[in-house]
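> Give the three-dimensional model of this entry:
(4 chains)
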2 protein chains.
Amino acid sequence: MDSRQLRYFIAVYEQRNLSRAADQANVAQSALSHHIANLEAEFATPLFERKPRGMEPTAAGERLYEHARIILRAMAAASAKSRKAPASSPATSRSAWPIPG
Amino acid sequence: MDSRQLRYFIAVYEQRNLSRAADQANVAQSALSHHIANLEAEFATPLFERKPRGMEPTAAGERLYEHARIILRAMAAASAKSRKAPASSPATSRSAWPIPG
DNA sequence: CATTCTTACGGGATACGTAATCATG
DNA sequence: CATGATTACGTATCCCGTAAGAATG
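Model prediction:
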């Protein structure tokens, strides 16, 4: 299980369709198909039902989606907090900034 | 930023030393060195100070460590909840199980 | 010289895209 | 035939380990 797989999984979940999900995630359909299959193999349980009109999440898929959103949100927060220049408004801080130079 | 990188980062943070971290994470020193450098490049900020006796986390490193632990814990939880056979004790459930067959 | 991090380099695994295939209506 | 998922296959990218290099005490 990997953060990239979770991103792809979310795209498929939200679009219910590999074509649109591929567009949303900027990747080819086949890559998404592979990654979903890998996740299902890892969890030993199907995450989507394959319908003639697209992919419909199973109960396990629904559960994973909630976790996946939490995880990706946490990673985005970590990224923002770790990056240089937190970029809060100067007016909100009364004391001096540690401006280099 | 990737879940694998976070695992490696945690090992380095906890060991303060690439050799021991490599042992803890079952990977070579050079791989850890690369991944830490990649993270620092991505965040445009150093995560460790290189001392002659090992690696000492910066303030940004300390911040990232807290986030990393949360994220990996969330991924472990997602993994456990998504896997087949949630494995709660049968005695705790009064009604019948959806046993196939 | 011992220890520790960094850099160079080559092999192996993984992810990817194009295209062909199967399934459905 | 139109739509949508899977599979096949070759390519590109990334990760990794061995080994050499640079810094410190």
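> what about the strand or helix carrying A:Ala21 and DNA strand D, touching?
In the assignment (DSSP states H and E), A:Ala21 maps to helix A:18-25. Yes: judged by CB under 7 Å from any atom of the strand, helix A:18-25 comes into contact with DNA strand D at A:18-19. C-beta coordinates here come from the backbone N, C-alpha and C atoms, glycine included.
> anything in that helix near chain B?
No: Helix A:18-25 lies out of reach of chain B by CB under 8 Å from any CB of the partner chain, never closer than 15.7 Å.
> Equivalent analysis for stretch A:67-86, please.
Yes: contact between stretch A:67-86 and chain B, assessed by CB under 8 Å from any CB, occurs at A:67-68, A:70-71, A:74-75, A:77-79, A:81-84.
> what sits up against that stretch?
Residues from elsewhere that reach stretch A:67-86 (CB atoms under 8 Å, 6 or more residues apart in numbering or on different chains): A:3, A:6-7, A:9-10, A:13, B:1, B:43-45, B:47, B:60, B:63-64, B:67-68, B:70-71, B:74-75, B:77-78, B:81-82.
> Give me the buried stretch members for that stretch, please.
A:67-68, A:70-72, A:74-75, A:78, A:82 (16 or more other CB atoms under 10 Å in any protein chain shown).
> Make JSON lines from those residues and add secondary structure, pLDDT and distance to A:Ala21 to it.
Formatted as JSON lines, the buried residues of stretch A:67-86 follow (DSSP: H, G, I helix; E, B strand; the rest coil; pLDDT from 0 to 100; distance: CB to CB, whole Å):
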{"residue": "A:His67", "secondary structure": "helix", "pLDDT": "98", "distance to A:Ala21": "18"}
{"residue": "A:Ala68", "secondary structure": "helix", "pLDDT": "98", "distance to A:Ala21": "13"}
{"residue": "A:Ile70", "secondary structure": "helix", "pLDDT": "98", "distance to A:Ala21": "20"}
{"residue": "A:Ile71", "secondary structure": "helix", "pLDDT": "98", "distance to A:Ala21": "18"}
{"residue": "A:Leu72", "secondary structure": "helix", "pLDDT": "98", "distance to A:Ala21": "15"}
{"residue": "A:Ala74", "secondary structure": "helix", "pLDDT": "98", "distance to A:Ala21": "22"}
{"residue": "A:Met75", "secondary structure": "helix", "pLDDT": "98", "distance to A:Ala21": "20"}
{"residue": "A:Ala78", "secondary structure": "helix", "pLDDT": "97", "distance to A:Ala21": "25"}
{"residue": "A:Ser82", "secondary structure": "helix", "pLDDT": "92", "distance to A:Ala21": "29"}
